[in-house]
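>>> next come a sequence and a model predicted from it.
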Amino acid sequence: MPLGYDPNAPKQALNLLVNGDLLDRAVVMDLNLSAVLENAIAEAVARCHEGEQGLEENPGAVQDESLAQIDPNVLTAAIGIFGNATHAKKWLTTPARALGNKRPAEADVEEVMDLIGRIEHGFGA
């Protein structure tokens, strides 16, 4: 799979705020936060790019998926992560590598809720 970005591009300094408890846990685990963030961003960019390609191939896909068929707890959690129903619905109807390329709307509710929790805490892959 093409990366979709130049991995040899120069690094840039970044100032951001992170949940203090997560940061403490990451320090204890001796995580390379730069690498974790870079991987998370790369995954998000790839997911977004894949979703855009899917919509170009089948522009009615998101509109055709019925919200009534999606578990209400999954939908609520997805809206909480992605900010609104449109973005949540797009994510729910796009195949996810973390779910074996199944769409979250069609995957096991428990698996999807686990994935949402991992995304929420920055461990989506």
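Here it is on my side, so go on.

>>> can you find the helix or strand in this structure with the smallest mean pLDDT?
Least confident helix or strand, the chain: helix 61-64 with a mean of 46, by mean pLDDT, DSSP states H and E.

>>> check which element follows that helix along the chain.
Later in the chain than helix 61-64, the nearest helix or strand by DSSP states H and E is helix 72-82.

>>> could I get the full set of helices for this structure?
Secondary structure of the chain, counting by DSSP state H: helices at 20-28, 33-57, 61-64, 72-82, 85-92, 109-120.

>>> in TSV: those, plus mean neighbour count and distance to Gly100.
C-beta coordinates here come from the backbone N, C-alpha and C atoms, glycine included. What follows is those, written out as TSV (neighbours: other Cβ atoms under 10 Å; distance: least, Cβ to Cβ, whole Å):
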stretch	mean neighbour count	distance to Gly100
helix 20-28	11	27
helix 33-57	14	15
helix 61-64	12	19
helix 72-82	16	17
helix 85-92	19	15
helix 109-120	16	9
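
>>> so, low pLDDT: which residues of this protein?
Within the chain, the stretches with pLDDT under 70 are 1-4, 49-68, 124-125.

>>> picking up where we left off before, of all the helices of the chain, which one is nearest Lys11?
helix 33-57 (7.7 Å; Cβ to Cβ).

>>> hmm, back to that, indicate which one of the helices of the chain is closest to Asn8.
Checking these against Asn8 by Cβ to Cβ gives helix 33-57 as the closest, at 12.5 Å.

>>> now Ala96: closest residue in space, sequence neighbours ignored.
In this structure, Ala96 finds its nearest non-sequential neighbour in Pro104, 5.8 Å apart by Cβ to Cβ, 6 or more residues apart in numbering.

>>> just Leu99 next, same as before
Ala107 (4.6 Å).
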